[in-house]
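Asks: Fold the following for me, if possible:
(2 chains)
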Amino acid sequence: MKRTIYYRVFFKRFIYVFHVFLGMNFIFCFLLFGNLRGQPNKLYDDLFSVSFPDEREGWVCGRWGTILYSRDGGKTWERQSSGTRFALSSIHFVDSKQGWAVGDQGTIIRTVDGGRTWEKQKSPISDFLMDVFFVDVLKGWIVTERTTILFTNDGGKSWSKQFSGEDYILKAISFCDALHGWAVGEYGYIYHTSNGGVTWEKQAGEFRISRETGEIIGGTYLFDVVVLDPKTAWAVGIDGYVTKTLDGGKTWEPVVTGARRTQLFSITSDKKDKIFVGGSGTFLSSEDSGKTWQTPEFRPSIKYGWIYGLAPRGNSGFVAVGWRGAIYLNSSTTWERIKY
Amino acid sequence: MVGHNKTRLDRICWYLVSRKWVVLITILVITGVFLYGVFKIRGEVLLHELFPYDHPYLKLHARFSEVFGSGGSTVAIAIKTKKGDIFTRGVLDKISKMTEEVVLWDEVYRSLTVSIASRSTKVVRTLGKGEIKIEPLMWPDPPNSPEEMALLKQNIFSNPAYNGTLVSSDGTAALLLTDFKENISYGKAFSLLRKLVKEYTDEETSVHIVGFPMLMGWIYSLKYQTYLVFGISIALMILILYIIFRNVMGMIVPIMDAAILTVIGLGFVGFTGINFSPLLYVLAFFVGARFISNSVQITHRYFEELNASGGDRLRASYETMRTMLFPNWTGVFTDAAGFLVLSFAKIVLMQHLAIIMGFWIFSTGLTGIMVPIICSVLPLKVASDRYAKEKCQMDWQARAITKVTSFSIGSGRYAVGGLIVGAMIFFSWAISGLKIGDPTPGSPLLWPSHPYNQDQKLINHLFDASSENLMLFYEGEKESVYNPAVLTTFDAFSRHMQERLPDIYKSSNTLANTVNMVNLMLHDGDQLWYQMPQNALMFKGLMGYVRKDIDPFVLRRFVDEDLERAQVILYFSDHTSENLLRIRDAAYEFFKDRPMNIEKGEFKLAGGRIGMEIGVNEEMKRAHALIDSSVLAAIFILICISFRSITGGLMVTLPLIFANSMAFAYMALMDIGLSINTLPIAAVGVGVGDNFCIYLYSRCMEEYTLQGGDWKQAIIQSVCTTGKAVVYTGLTIILPVLTWYVFSDMKFQGEMGFFLAIILGANVLLTLTLHPLLIYIIKPKFIRKAALTADNTAEAGVAIAQTSS
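Replies: Down below sits the predicted model:
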């Protein structure tokens, strides 16, 4: 009798220990797998454009329909679903809710809720759309790969061809107000409007084939433009080329920066004295409206990379984006890459 | 009366015993013939033997490997600097020289040999005036001037196709990828690769190599160490035998038996020409241990009989043979079933194993004849008093053993039952985590500290390319690769895999990389255009550039001459079974909302090393269930026939499930996946466990009569005789098997040794606890029934012996 009780106790204890052991195993497995699932995201796509309507909120777009969103001035980023797989070349927000992005195959997408949802807008052409610029929530322009400028007056519900020129790539468009703007592109072509795009006037650029040699003779390819006021605009292009106008585009003067002869993809300004230029393995900054130029330090270096998109973050600084998902934020003299 | 009762088996036994010299010489002659075969053993592994020949992935892979080369035996060779980066003339020269050397090997596919120094690695240069040119990146010579060196760096690091893939992002290492042809033996590949390591390792650089041929090479290089471990474990076995039997005969007989059977088995392997891989040595050792196990049982019995017959060697020999032949052969048949069912796996290696191991195990059937005869011809003295049946309880070991059994069938039976049920629940839970394939990122065959696994770790850390590749193929009409849908689908596929598997995806390689580069250059270096053009006309234009500037030999890596077939190669960081499934699922998910058939052709999954491994794992999964259930079914049927009882069949088979659950639980907990290497051992484990209890049941049949129908006494008596022999046998095998765990550099062998020790240990324990308990509770009819026959045959045996003497 005593023995039986002893075994019962033993058996009970065994079952108890067994269950504790099982429980510990489950906890262990949970911790292990929880850890495995929490590995960092390795998906770093090339980024082409950035837009910060205020100091805190900003959006970035890039290859494979990538859109990233930051709510803390660019320190942390999260992915948004753009609904497209095509490369998005440009993104523009007019406020913290409303923005547009454009890209390959005539892709135009728009959000009215800060990027939580993106809806497609109909483009009259299916070319690669290169840049988008809105002066307010209704009025906006897009430049495309075949010298076409699209225009909307209703926030993109309908887009129409405002201008069609020769068959070259227009890379960038920028306005300082609803009337004055410039569009730039291949072979140094520069178009200007002072009436909100009713008319576009060619100010620079040429392309012809020499009869004598059969060689192409063309202007310097321009990748980006930034307009500071109706008279002043800056543009950048290949071979380290920087140019500016101070007279509304009547004359465009080359600017000596000491830059390497490489592609300069992007230019931005605080509309006062600061100007930043980013490109292939190079970056330039000026604090005195372009009189002197420096090459700020990037951590890590962009020597073998490139910066394609630049924008101010309200009044708190600037952001640069580029190859393999690189996002840099500036502090006084250095640019630090953000880990996300 | 006597004449009526003797069975045919008795007559045969007597016939053999009385002509012992003839039998012995015949066996030795046969052994001599097989000895000749031993020297013909082939020790090479060919890739195609390791994979399921019938699987669609393997068929697909075989067909496309004729076009693009295999990808199944890719080798990644990293050359790493010890100080600074690779951009010095000295290091770059080495990379060039090494690439040239490898390209000239007849054993590799030239078109699949790629490094920064190979001709096929291109850079697109702008010549001005809108013209571009596609040129080799660093061929034929490395740069001379600092400017050229800076340009090379620029070309490599700014190109996503090279940065991190052919050169590590920190610039301290370069990668050379190559592919061995299918018919090359791994021994040959390994010696070439080791030569490379020796040649290019100095105070400046080190060389690290991974890939299946290298792994197999390492395993083969451990062959001699394996022989040493073999030797140590055999020596230990002999020592244990001596300690147990305390006489030379008890030591010599099992070893002689094992030696003869080993020669016969290996000779058979040699004659059939079937390859015998070092991975299987542990299996061979295990078979050898089975020989020992059987012969220890029989030798032990012989000593008992010798004591019973008052030192009459002939009679003892006859009695031993007569009583032990039945359990011996029953065991042989069940063991053989374990091996023969391996042929259900449609993998050449498995089928070869089924043949050679099946034969080998069948040869164990000779033990029942050979051991009693060898015993009877050896004029050695034995301490016969120790083996007196009636005195068995005097021995402290026997006392301990019978105490365990008495406890199990007496007061402790609830504890034993509860423990077994509890353990079974735990095992079932653990087994749910058992994986098919390799659960570890390096090679599970070797310890983590092995140079191979260290190299794997280094390469994984430094590069975005690896030897683990997956290929998506396209096949269609002539020139249909010109359809942009082909390369854009490849591109989208790579992207999809990267998105779905960001933790293991490394990089991809297609013609798209070159097309992208050309597209970029045609747009004045505008990075936005580093992509596949969506426009068909533009795509054709770009392809025209590519075909004009790149020679067909180089293009052959991605598209065939007639533009009918193309491939994309994706690199992943590991091949763990879980990740293989993720890769497969992600690949099919891609094609869920898009057709595999396009206008003029279709896409096909899945090639490369990963496709092949998925194929193996799928076959393993199918074969594993089939093999396991077949082994159990075969054992059940064989035991039912032998004992002429379904209860008997169940009593042997059910505890087997327990023992094997324990072994599989161990595999799951130790993260050993069920692979082509473990399957045979796992399957054989099922077959081995039954042997001990067969001897016990068979002894019980005899003892039941001798003890006058007293179940408890019959069980105790069986346990203190046969049970003791089972413990001895267990010790004789388990301890030497554990030496593999201690001494072998091959993790696989060590762990399998441990695995076998667990199966054996569990079965020894079950023979002393669960089986007596089952007999005691069930009181099976087949033991009672057999008692009558045993009674008669015993008398018959005595009569024959007396007549003949």
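
Asks: How many neighbouring residues does residue B:757 have?
Replies: The tally of other residues near residue B:757 (other CB atoms under 10 Å in any protein chain shown) stands at 21. Bear in mind the C-beta positions are built from the backbone N, C-alpha and C, glycine included.

Asks: and if you look at residue A:189?
Replies: 25.

Asks: That one against residue A:202, yeah?
Replies: Yes - contact criterion CB atoms under 8 Å: residue A:189 and residue A:202 qualify, at 6.9 Å.

Asks: Can you check which residues contact both of the two?
Replies: By CB atoms under 8 Å, 6 or more residues apart in numbering or on different chains, residue A:189 and residue A:202 have these common neighbours: residue A:165.

Asks: what's the distance between residue A:47 and residue B:332?
Replies: Distance from residue A:47 to residue B:332, counting by CB to CB, to the nearest Å: 70 Å.

Asks: and chain B, which residues reach chain A?
Replies: B:129-130, B:153-154, B:156-158, B:160, B:163, B:411-412, B:414-415, B:418-419, B:422, B:425-426, B:429, B:433, B:492, B:495, B:498-499, B:502-503, B:505, B:523-528, B:530-531, B:534 (CB under 8 Å from any CB of the partner chain).

Asks: can you pull the pLDDT of the nearest residue to residue A:316 once chain neighbours are set aside?
Replies: Distances taken as CB to CB, 6 or more residues apart in numbering or on different chains put residue A:55 closest to residue A:316, at 4.6 Å, once the chain neighbours are dropped. Note for residue A:55: predicted pLDDT of 92.

Asks: how about residue A:55, phi and psi?
Replies: phi -70, psi -30 (degrees, to the nearest 10).

Asks: wait, doesn't it sit right on residue A:312?
Replies: No - contact between residue A:55 and residue A:312 fails when scored by CB under 8 Å: they sit 9.3 Å apart.

Asks: Those two: who's more crowded?
Replies: residue A:312 (20 against 15).

Asks: quick one, what contacts that one?
Replies: Going by CB under 8 Å, 6+ apart, the list of residues near residue A:312 reads A:52, A:268, A:269, A:270, A:318, A:319.

Asks: tell me the phi and psi of it?
Replies: phi -80, psi 150.

Asks: Need the per-residue pLDDT for it.
Replies: Residue A:312 is given a pLDDT of 94.

Asks: how close does it get to chain B?
Replies: 22 Å (CB to the nearest CB, to the nearest Å).

Asks: count of residues packed around residue B:414?
Replies: If we define neighbours as other CB under 10 Å, then residue B:414 has 13 of them.

Asks: Surely it is in a strand?
Replies: No - judged by DSSP: H, G, I helix; E, B strand; the rest coil, residue B:414 forms no part of a strand; its state is helix.

Asks: Find the closest residue to chain A in chain B.
Replies: Chain B approaches chain A most closely through residue B:157 (3.2 Å), counting by CB to the nearest CB.

Asks: so residue B:273 sits right up against residue B:37, yeah?
Replies: No - with contact defined as CB under 8 Å, residue B:273 does not reach residue B:37; the gap is 9.8 Å.

Asks: who touches the residue nearest the centre of chain A in this structure?
Replies: Centroid-nearest residue in chain A: residue A:49, 0.9 Å away (criterion: CA atoms, centre = their mean). Residues near residue A:49 by CB under 8 Å, 6+ apart: A:60, A:61, A:62, A:88, A:89, A:90, A:91, A:92, A:101, A:308, A:309, A:321.

Asks: Surely it is in a helix?
Replies: No - going by three-state DSSP, the assignment for residue A:49 is strand, not a helix.

Asks: Beta-bridge partners for it, please?
Replies: Beta-bridge partners recorded for residue A:49 (DSSP bridges): residue A:61.

Asks: Output the lowest mean pLDDT helix or strand found in the chain.
Replies: Picked chain A for this. None of the helices or strands of chain A scores lower by mean pLDDT, DSSP states H and E than helix A:2-37, at a mean of 45.

Asks: my bad, chain B
Replies: Per-SSE averages on chain B (mean pLDDT, DSSP H and E): minimum helix B:2-5, a mean of 45.

Asks: Can you tell me the element the residue of chain A found nearest chain B falls in?
Replies: Across chain A, no residue is closer to chain B than residue A:304, which sits at 3.2 Å (CB to the nearest CB). Taking DSSP states H and E as the definition, one finds residue A:304 inside no helix or strand.

Asks: For the stretch 401-550 of chain B, just list every one of the helices.
Replies: B:413-431, B:451-462, B:484-500, B:511-522, B:536-549 (DSSP state H, counting those that start in this stretch).

Asks: any idea how far the first one is from the chain center?
Replies: Put plainly, it is helix B:413-431. 29 Å (CA atoms, centre = their mean, to the nearest Å).

Asks: List the contacts of stretch B:645-664.
Replies: Against stretch B:645-664 from outside (CB under 8 Å, 6+ apart): B:420, B:423-424, B:427-428, B:430-431, B:434, B:632, B:635-637, B:639-640, B:642-643, B:682, B:685-686, B:689-690, B:693-694, B:697, B:755, B:758-759, B:762-763, B:766, B:770-771, B:774-775, B:778, B:780-782, B:785.
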